[in-house]
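>>> Sequence plus predicted model, see below.
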Amino acid sequence: MPIRIPGDLPALTVLSEENIFVMDDERAVNQDIRPLEVGILNLMPNKIETEVQILRLLSNTPLQINIDLIRIDNQAPKNTPKAHMDNFYHQFEQVVNKKYDGLIVTGAPLALLDYQDVKYWDKMQVVMDWARRHVQSTMFLCWAAHAALYHYFGLNRKLNEQKLCGVFPHQVNFEHDELMRGFDPVFYAPHSRYGEISMADYQSVPELNILASSERTGAHIVASKDKRLVFVTGHPEYDPDTLDQEYQRDQREGLNPSLPESYYLNDDPAQPPMVTWRSHGTLLYTNWLNYYVYQTTPYDLSDIK
């Protein structure tokens, strides 16, 4: 939340130049406050695990948030009880007339499929078009980030033979963008994906800023200049053991996976993971909620266009 100080206090200018969020008295007096409405379109097969990961990060803020869990097909998830879906999830058609301050679209285990071969691709395109008219700011994660970049800007990924898997260092490219507030110049984040979009392709779109990237992973956090779209190619929401679970699963399925990079202590899968990303993952979600959602959304959600 911002620091409220008099508008003519000299510290206001200094703090603003240091990228500290401050608010003068006039703006504070005229602020209307209400709960934020945030939807989560959960495409992961283990719905409950993903819910916990994302809700944990959304909860680290003094803002009150109302959450809608959303689904776009009727098929029962393999790893989630049907009763859970029936009790807690809204079909997209049930919320299609609603407007949201924020929307999060998760990744999905669809890495090796062409978009047109995804069974719900037509519905995904409908949702992405709907989000542009009904949501103030949408965050797309991993597979969904690449899918949205393809849908909105025609940026197609290439599929690498070997999965990019591990915890990698990234550099902040736009330190004064609000989404990067409080980030160290170098921070870590997990990745687990086959797809990749070249830096040159991102740079060819004037509406996009590459906020954080690395030589190893390419672009990691990308945002539209109007703050309405955020694309995160990694998994800052991952639990400490999520990459380990994926590695063990791929081994059981005979996929001969590479060892996740910079993840296990001494690169030994018998040793515990080294957790180096969670504080920045929390900060990313907190910044998104505060600066890309709360500070930009209209008080009356019907004004979103």
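Yep, that arrived. Numbering: from 1, shown residues only.

>>> All the strands of the stretch 1-150 of the chain, in order from the start?
Per DSSP state E, counting those that start in this stretch, the stretch 1-150 of the chain carries strands over the ranges 3-5, 22-24, 36-41, 65-71, 89-91, 100-105, 135-141.

>>> can you put the ones you listed in a markdown table and add mean pLDDT, mean neighbour count and distance to Gln248?
Placement of C-beta: from N, CA and C, glycine included. As requested, the strands of the stretch 1-150 of the chain are exported to a markdown table (pLDDT from 0 to 100; neighbours: other CB atoms under 10 Å; distance: least, CB to CB, whole Å):
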| stretch | mean pLDDT | mean neighbour count | distance to Gln248 |
| --- | --- | --- | --- |
| strand 3-5 | 50 | 13 | 46 |
| strand 22-24 | 60 | 17 | 48 |
| strand 36-41 | 94 | 23 | 27 |
| strand 65-71 | 91 | 18 | 27 |
| strand 89-91 | 93 | 16 | 28 |
| strand 100-105 | 97 | 25 | 27 |
| strand 135-141 | 98 | 26 | 22 |
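
>>> mind putting these in a markdown table, distance to Leu155 included?
Formatted as a markdown table, the strands of the stretch 1-150 of the chain follow (distance: least, CB to CB, whole Å):
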| stretch | distance to Leu155 |
| --- | --- |
| strand 3-5 | 38 |
| strand 22-24 | 36 |
| strand 36-41 | 20 |
| strand 65-71 | 25 |
| strand 89-91 | 30 |
| strand 100-105 | 16 |
| strand 135-141 | 12 |
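
>>> wait, which of these is closest to Pro260?
strand 135-141 (18.2 Å; CB to CB).

>>> List the neighbours of that closest one that are in contact with it.
The set of residues external to strand 135-141 that reach it, using CB atoms under 8 Å, 6 or more residues apart in numbering, is 39, 99-107, 131, 147-148, 227-232, 235, 237, 288, 292-293, 296-298, 304.

>>> Against which helices or strands is the host helix or strand of Val230 packed?
In this structure, Val230 sits in strand 229-232 according to DSSP states H and E. Packing contacts for strand 229-232, counted by 3 or more CB pairs under 8 Å, 6 or more residues apart in numbering; DSSP states H and E, involve strand 135-141, helix 143-153, strand 218-224.
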